[in-house]
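Novice: What follows is a predicted protein model with its sequence.
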Amino acid sequence: MKKLLLRTLKITSAVIFSLLLILFLLPILFPGAVVERVKTWANSSIDGELNFTKVRLSFFNHFPSLTATLYDVSLKGSAPFKKDTLVAADEIALGINISSLFGGRIDIDKIFVSNALVNVLVNEKGQANYNVYVSRKSNAKNNSDTTGTALRLEGVNVENTRIIYNDRSIGMLIDAKGFNYKGNGDLSNDIFDLHSRAGIDSLNFTINNEPYLLNKKVNANLITKINTNSLAFIFERNRLRINRLPVNFSGKLDFLQNGYDMDLTVSSKKSELEEVVSSLPPQYLKWLEATELSGTADLLLRLKGKYIASTNTAPDLACDINIINGYINHRKSPVAASNLLLDLHVKMPSLDTDSLDIRLDTLNCNIGKDFIKGKLAVKGLKRPFISANINTQV
């Protein structure tokens with residue numbers, strides 16, 4: 001038994017020593033070839049001004065992956081934003097498939113981004129600055145794919161990054177601070193499923209300078225089908241939490257040359273009323289701080305159609321809200337609104353306020369021993385048609 005244990009320990013020690021030796025020797029044996037191929041690949045595959053101070057090959061930056069790490073990286077965007085920064089990062093590491101080192105081509109299968117700024121810009125005409133990656137097919141057509149390096153991504157990791165998406169064609173600004181992301185899938189295919197988890201410490205979302213989300217914390221578990229040929233996203237099963245509100249997100253988003261084609265649905269079922277209100281635009285949150293809320297709420301939001309600023313084309317918006325057994329007490333009022341029952345439906349075809357259609361099919365609540373019962377319909381905004389039937393004793 002003693003001999004067997006000693007022999008096992010020797011074999012184990014030899015294996016561990018060999019592995020450690022390999023970890024140290026591989027970066028030493030292949031440094032020049034790998035780094036030069038990565039540089040050549042970057043220059044031929046990215047249509048934008050790329051700068052970095054140095055490259056280091058190591059196992060220990062993102063163990064157990066062998067990575068070629070680019071330090072102090074800056075990347076300019078595509079036309080018409082060639083002078084504006086698209087990405088700036090302390091470091092971007094390219095994970096290298098070890099088995100490919102012994103073949104004729106080096107495969108990059110992971111990307112690690114740390115402490116970065118991603119600044120996506122879209123001008124009034126719908127032209128964007130993110131079209132910087134030259135695909136393998138384009139390289140092949142141009143007979144310039146001679147780098148001996150291929151991008152066969154299976155994973156993307158992003159840490160402590162700020163993402164700004166500024167689309168002037170629709171007046172939309174998204175600012176995500178403290179963005180952390182892990183995604184896995186065969187990103188080398190033209191169509192692939194991306195399984196990912198994301199977290200945002202602070203999310204701001206504004207449209208035409210009007211804030212809808214301000215300093216919201218977001219956590220997400222996502223499955224997205226991506227078509228890189230048409231730049232289309234299909235959100236198959238996506239679970240998010242905005243502050244305390246759990247929501248499901250599904251649908252599709254196609255990037256067009258001059259806009260977007262979308263069919264997006266956000267829903268939350270049997271959520272606490274206070275959780276729903278906590279996700280509303282910031283102008284309502286001061287009211288919430290002095291209000292006691294309870295009850296159950298269902299929320300459904302849908303945006304469907306094309307958005308093309310140059311032709312004034314806009315999608316249809318629909319929103320359904322259902323509240324059961326609601327309770328509202330503002331500033332500790334001696335009499336609260338209780339037993340609230342609300343069934344609200346809102347439609348805005350082509351985001352046109354003159355076509356606004358509001359149907360409040362049910363509004364029932366008690367205020368102490370008194371009550372409110374009624375329903376309401378409103379069509380249009382500038383010259384609205386209003387139909388109401390309200391019975392109260394307050």
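Specialist: Structure's in. What do you need?
Novice: check contacts around A89.
Specialist: V73, V113, S114, N115, A116, L117, T161 (C-beta atoms under 8 Å, 6 or more residues apart in numbering). Heads up, the C-betas are built off the backbone N, CA and C, glycines and all.
Novice: I'd like these laid out as CSV, including pLDDT, secondary structure and distance to N389.
Specialist: Listed next are these as CSV, based on pLDDT from 0 to 100; DSSP: H, G, I helix; E, B strand; the rest coil; distance: C-beta to C-beta, whole Å:
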residue, pLDDT, secondary structure, distance to N389
V73, 86, strand, 64
V113, 87, strand, 58
S114, 87, strand, 60
N115, 90, strand, 59
A116, 92, strand, 57
L117, 93, strand, 55
T161, 93, strand, 53
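Novice: Now which of these would you call buried?
Specialist: By neighbour count, with 16 or more other C-beta atoms under 10 Å, the contacts of A89 hold V73, V113, S114, A116, T161 as buried.
Novice: Can you tell me the element the closest residue to the second one other than its chain neighbours falls in?
Specialist: What it means is V113. Excluding the flanking residues, the one nearest V113 by C-beta to C-beta, 6 or more residues apart in numbering is V158, at 4.7 Å. If you go by DSSP states H and E, V158 is part of strand 149-167.
Novice: Show me what that strand packs onto, helices and strands only.
Specialist: helix 31-45, strand 106-122, strand 172-184 (3 or more C-beta pairs under 8 Å, 6 or more residues apart in numbering; DSSP states H and E).
Novice: on that earlier part again, the residue nearest to V113 - how many residues pack around it?
Specialist: Look at V158: counted by other C-beta atoms under 10 Å, it has 20 neighbours.
Novice: Hmm, it is touching F179, no?
Specialist: Yes. Taking C-beta atoms under 8 Å as the definition, V158 is a contact partner of F179 at 6.3 Å.
Novice: In a helix, E274, correct?
Specialist: Yes. Under DSSP: H, G, I helix; E, B strand; the rest coil, E274 sits within a helix.
Novice: Can you name the residues that contact it?
Specialist: R244, L288, L293, S294.
Novice: can you do 6 Å?
Specialist: Counting by C-beta atoms under 6 Å, 6 or more residues apart in numbering, E274 makes contact with L293.
Novice: Tell me, what's the model's pLDDT at it?
Specialist: For E274, the pLDDT comes out at 86.
Novice: Next: the one 4 residues further on.
Specialist: Looking at S278, its pLDDT reads 78.
Novice: which residues does the closest residue in space to it that isn't next to it in sequence contact?
Specialist: Leaving aside its sequence neighbours, S278 sits nearest to N243 (C-beta to C-beta, 6+ apart; 4.8 Å). Shown in contact with N243 (C-beta under 6 Å, 6+ apart): K216, K217, S278, S279.
Novice: what's the spacing between the helix or strand where the first one lies and its chain's center?
Specialist: When you say that, I think you mean K216. Counting by DSSP H and E, the element that carries K216 is strand 210-227. Computed by C-alpha atoms, centre = their mean, to the nearest Å, the chain-centroid distance of strand 210-227 equals 5 Å.
Novice: ok, and the closest non-adjacent residue to A314?
Specialist: Per C-beta to C-beta, 6+ apart, closest to A314 is L351, 4.0 Å.
Novice: you'd agree the one you found is up against T313?
Specialist: No. L351 is beyond contact range of T313, at 9.8 Å (criterion: C-beta atoms under 6 Å).
Novice: what angle sits between the strand holding K216 and strand 172-184?
Specialist: 40 degrees (axes from the mean of the first three to the mean of the last three C-alpha atoms, to 10 degrees).
Novice: the inter-axis angle of whatever helix or strand comes next after strand 210-227 versus strand 210-227?
Specialist: Tracing the chain past strand 210-227, the next element assigned as helix or strand by DSSP H and E is strand 232-242. Put simply, strand 232-242 runs at 130 degrees to strand 210-227, going by the same axes, to 10 degrees.
Novice: Of all the residues in strand 232-242, which ones are buried?
Specialist: Those would be A232, F233, I234, F235, N238, L240, R241, I242, for strand 232-242 by 16+ other C-beta under 10 Å.
Novice: Likewise for stretch 319-326?
Specialist: In stretch 319-326, counting by 16+ other C-beta under 10 Å, buried: C319, D320, I321, N322, I323, G326.
Novice: I'd like those as a markdown table, with secondary structure, distance to L303 and pLDDT appended.
Specialist: What follows is the buried residues of stretch 319-326, written out as a markdown table (DSSP: H, G, I helix; E, B strand; the rest coil; distance: C-beta to C-beta, whole Å; pLDDT from 0 to 100):
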| residue | secondary structure | distance to L303 | pLDDT |
| --- | --- | --- | --- |
| C319 | strand | 10 | 94 |
| D320 | strand | 13 | 96 |
| I321 | strand | 16 | 94 |
| N322 | strand | 19 | 96 |
| I323 | strand | 22 | 95 |
| G326 | strand | 26 | 94 |
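Novice: From these, pick the one nearest V335.
Specialist: Using C-beta to C-beta, G326 comes nearest to V335 of the buried residues of stretch 319-326, at 15.0 Å.
Novice: For the closest one, which non-adjacent residue is spatially closest?
Specialist: Per C-beta to C-beta, 6+ apart, closest to G326 is L340, 3.0 Å.
Novice: Please work out the average pLDDT along the strand or helix carrying that neighbour.
Specialist: Using DSSP H and E, L340 sits in strand 337-348. Here strand 337-348 scores 95 as its mean pLDDT.
Novice: confidence score at the residue nearest to L203 when sequence neighbours are not counted?
Specialist: Distances taken as C-beta to C-beta, 6+ apart place K216 nearest to L203, at 4.6 Å, with adjacent residues excluded. Here, the pLDDT recorded for K216 equals 86.
Novice: Contacts only, for K216.
Specialist: Applying C-beta under 6 Å, 6+ apart, the residues contacting K216 are L203, I242, N243.
Novice: same thing with A377?
Specialist: R359, S387.
Novice: So in terms of bridging, what pairs with it?
Specialist: Following DSSP bridges, A377 is listed with bridge partners R359, S387.
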